[in-house]
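Novice: Below: sequence and its predicted model.
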Amino acid sequence: MSQQVSPPPTPNSLAPLITRERELSWKVASNLFISFKYAWAGITYSFYTQRNFRIHLSFCALAIGLSIFLHLQGVEIAVIAITCGLVLALELLNTAIESLVDLTVKQSYHELAKIAKDCAAGAVLVSAFVAVVVGATLLLPPLVILIMSNF
Ligand SMILES: Nc1ncnc2c1ncn2[C@@H]1O[C@H](COP(=O)(O)OP(=O)(O)OP(=O)(O)O)[C@@H](O)[C@H]1O
C-alpha cells in the first residue's frame, strides 16, 4: 500500500496562515509579562522533572561562583557564563523535543522518535563536553595556583 504524500506548501498557500497570525495556536500570551511567566514555567518544569538539568545547573552555579571567587577577568567570566547558558538552553530544548516526541508517538516505539531523542540528547552532551573543556582551561590554572600557594 503506497503512503499518501501531501504536496509541499507553495509560498501562496502560506500567506493566509501568516496574515491570520497564529490563529492555530491554542493560546497566545497576551503580553510580555505573561510570556515570561510561561517561559519560567518551562524552566521550573525542567528543573523538577529532569535530573540532568539539575546537575548542569549545579555545575554552572559552581563554575560561575568559582570564576568570581578566583577573580577571573570579565571576558573569562563571560565565556563561562555563555557556555553555561548554552548547556542549560540545550537541556530545555531537549526536554521540549522529548515531550513533542512523546506527544506524537505516545508510548509506542518508532525509529524516528529514537533518532529525534538521541540527537537532542547528543546536542546536550556536545555542549556539556565543551563546557568541561572551557571550565578546565579557565578555572584549573588559577585554582591550582591558589591551592599551591596555601601549601
Ligand atoms: N518512542 C520511542 N521510540 C523509540 N525510542 C525511544 C522512544 N522513547 C524513548 N526512546 C529511546 O530511549 C531513550 C531515552 O528516552 P527518554 O524519553 O527516557 O529520555 P531521557 O532518558 O529522559 O533522556 P534525557 O536523559 O536526555 O532527558 C531515547 O534517547 C531513545 O533512544
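Specialist: Sure, I can see it. All figures in this text were calculated on a predicted structure; none of them were measured in a lab.

Novice: On the C-terminal side of the worst-scoring helix or strand of the chain on mean pLDDT, identify the next helix or strand.
Specialist: Taking mean pLDDT, DSSP states H and E as the measure, the chain has helix 11-19 as its least confident helix or strand, at a mean of 75. Sequence order places helix 32-49 as the next helix or strand after helix 11-19, per DSSP states H and E.

Novice: Is the ligand within reach of that following helix?
Specialist: No: figure legend: helix 32-49 not in contact with the ligand (C-beta under 6 Å from any ligand atom); closest approach 8.6 Å. Yep, even glycine has a C-beta here, placed from its N, CA and C like the rest.

Novice: what's the answer for stretch 110-122, then?
Specialist: Yes: for stretch 110-122, a contact with the ligand is found by C-beta under 6 Å from any ligand atom, at His110, Ala113, Lys114, Lys117, Asp118, Ala121.

Novice: Just the CA trace of stretch 15-32, in PDB.
Specialist: Provided in PDB are the C-alpha atoms of stretch 15-32 (Å, rounded to 0.1, in the frame of the first residue of the first chain):
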ATOM      1  CA  ALA A  15       0.200  33.700   3.000                       C
ATOM      2  CA  PRO A  16      -3.300  33.200   4.700                       C
ATOM      3  CA  LEU A  17      -1.500  31.500   7.600                       C
ATOM      4  CA  ILE A  18       0.800  34.400   8.100                       C
ATOM      5  CA  THR A  19      -2.000  37.000   7.900                       C
ATOM      6  CA  ARG A  20      -4.100  35.100  10.400                       C
ATOM      7  CA  GLU A  21      -1.100  35.300  12.800                       C
ATOM      8  CA  ARG A  22      -1.000  32.200  15.000                       C
ATOM      9  CA  GLU A  23      -4.800  31.600  14.900                       C
ATOM     10  CA  LEU A  24      -3.900  27.900  15.000                       C
ATOM     11  CA  SER A  25      -2.300  28.300  18.400                       C
ATOM     12  CA  TRP A  26      -4.300  27.000  21.400                       C
ATOM     13  CA  LYS A  27      -3.400  30.100  23.300                       C
ATOM     14  CA  VAL A  28      -1.200  33.200  22.600                       C
ATOM     15  CA  ALA A  29       0.400  35.100  25.500                       C
ATOM     16  CA  SER A  30      -1.400  38.400  25.800                       C
ATOM     17  CA  ASN A  31       1.600  40.400  26.900                       C
ATOM     18  CA  LEU A  32       5.400  40.300  27.600                       C
END
